[in-house]
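> My questions are about this predicted structure, shown below with the sequence.
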Amino acid sequence: MLPNLGGLDISPILAFMVLKLLDMLVINNLATMTGMPDILRMLI
């Protein structure tokens, strides 16, 4: 676990980074493999 940073809560930042990483690695690759058009892939 992370030490107390004097009231600074970084959990939302970590959650956002994990979701963005998941989006880049999984969802974008699935969209590419299914043949989704580029214009639609940018919207997800």
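Arrived safely. Numbering: from 1, shown residues only.

> Now Ile10, what are its backbone angles?
Backbone torsions for Ile10, taken as degrees, to the nearest 10, come to phi -100, psi 0.

> What number of residues are in the vicinity of Ile27?
13 (other CB atoms under 10 Å). Where you see a C-beta, it was placed from the backbone N, CA and C, and this is true even at glycine.

> Just say helix, strand or coil for it.
helix (DSSP: H, G, I helix; E, B strand; the rest coil).

> can you list contacts of the biggest helix by length in the chain?
The longest helix of the chain (DSSP state H) is helix 11-22. The contact list for helix 11-22 (CB atoms under 8 Å, 6 or more residues apart in numbering) is empty.

> export it as PDB, just CAs?
The C-alpha coordinates for helix 11-22 follow below in PDB (Å, rounded to 0.1, in the frame of the first residue of the first chain):
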ATOM      1  CA  SER A  11      -6.400   6.700  -6.100                       C
ATOM      2  CA  PRO A  12      -8.600   8.500  -8.700                       C
ATOM      3  CA  ILE A  13      -5.400   9.200 -10.700                       C
ATOM      4  CA  LEU A  14      -4.300   5.500 -10.500                       C
ATOM      5  CA  ALA A  15      -7.800   4.400 -11.500                       C
ATOM      6  CA  PHE A  16      -7.800   6.700 -14.500                       C
ATOM      7  CA  MET A  17      -4.300   5.500 -15.600                       C
ATOM      8  CA  VAL A  18      -5.300   1.800 -15.300                       C
ATOM      9  CA  LEU A  19      -8.500   2.400 -17.300                       C
ATOM     10  CA  LYS A  20      -6.600   4.300 -20.000                       C
ATOM     11  CA  LEU A  21      -4.000   1.500 -20.200                       C
ATOM     12  CA  LEU A  22      -6.800  -1.100 -20.400                       C
END
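
> Going by neighbour count, list what's buried in that helix.
Buried residues in helix 11-22, counting neighbours by 16 or more other CB atoms under 10 Å, are absent.

> Please report the confidence value the model assigns to Ile44.
At Ile44, the model reports a pLDDT of 66.
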